[in-house]
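# Predicted model follows, preceded by the sequence.
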Amino acid sequence: MSVTLTPQVEDQIRHWVDSGQYPDADAVLRQALRLLEEQEQRRERLRAELQPAVEQAERGELIDFTPERFEEIKQRAIDGARQGKPVRDAVKP
């Protein structure tokens, strides 16, 4: 495979190698691809987590999102954290 890189991308790769964080351009690209794969896997997990909500919305089973509802959700999260309950990956920033 042959790839043509813009001068800006070449400069970025050179920066990472010159900084000593990566031994060569290949290592930089492998890391970039690994991170892209992780991002795609996270996106797929989020889609799966959201699917039940999409189906509920399609059935018209919606709940109004009001400031009071937001405070209720926030308080439940705070209470859960105080009780040591784990936070699902889908809701982590």
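Great, that's in hand. Residues are numbered from 1 along each chain as shown.

# quick one: the helices in the chain?
7-18, 25-58, 67-82 (DSSP state H).

# just so I know, which of the ones you listed lies nearest Arg88?
Across those, Arg88 has its closest neighbour in helix 25-58 (7.6 Å, CB to CB). Where C-beta positions appear, they are placed from N, C-alpha and C, glycine not excepted.

# If I take the closest one and helix 7-18, what angle do their directions form?
Inter-element angle recorded for helix 25-58 and helix 7-18: 110 degrees (by axes from the mean of the first three to the mean of the last three CA atoms, to 10 degrees).

# and helix 25-58, what does it pack onto?
helix 7-18 (3 or more CB pairs under 8 Å, 6 or more residues apart in numbering; DSSP states H and E).

# Mind listing what's buried along the helix it packs on?
For helix 7-18, the neighbour count (16 or more other CB atoms under 10 Å) marks Ile13, Trp16, Val17 as buried.

# Report the residue spans of this structure with pLDDT below the cut-off.
Within the chain, the stretches with pLDDT under 70 are 90, 93.

# Just put the helices of the chain in JSON lines and tack on distance to Asp89.
JSON lines is the format used below for these (distance: least, CB to CB, whole Å):
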{"stretch": "helix 7-18", "distance to Asp89": "28"}
{"stretch": "helix 25-58", "distance to Asp89": "7"}
{"stretch": "helix 67-82", "distance to Asp89": "14"}
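
# mind checking how far Val28 is from Ile13?
Noted for Val28: a distance of 5 Å to Ile13, by CB to CB, to the nearest Å.

# what's in contact with stretch 6-26?
The set of residues external to stretch 6-26 that reach it, using CB atoms under 8 Å, 6 or more residues apart in numbering, is Leu5, Ala27, Val28, Leu29, Gln31.

# Of the residues you listed, select the buried ones using a ChimeraX command.
To isolate the buried ones among the contacts of stretch 6-26 in ChimeraX, judged by 16+ other CB under 10 Å, type:
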select :28
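
# which among the contacts of stretch 6-26 gets closest to Ile73?
Nearest to Ile73 among the contacts of stretch 6-26, with distances taken as CB to CB, is Gln31, at 36.4 Å.
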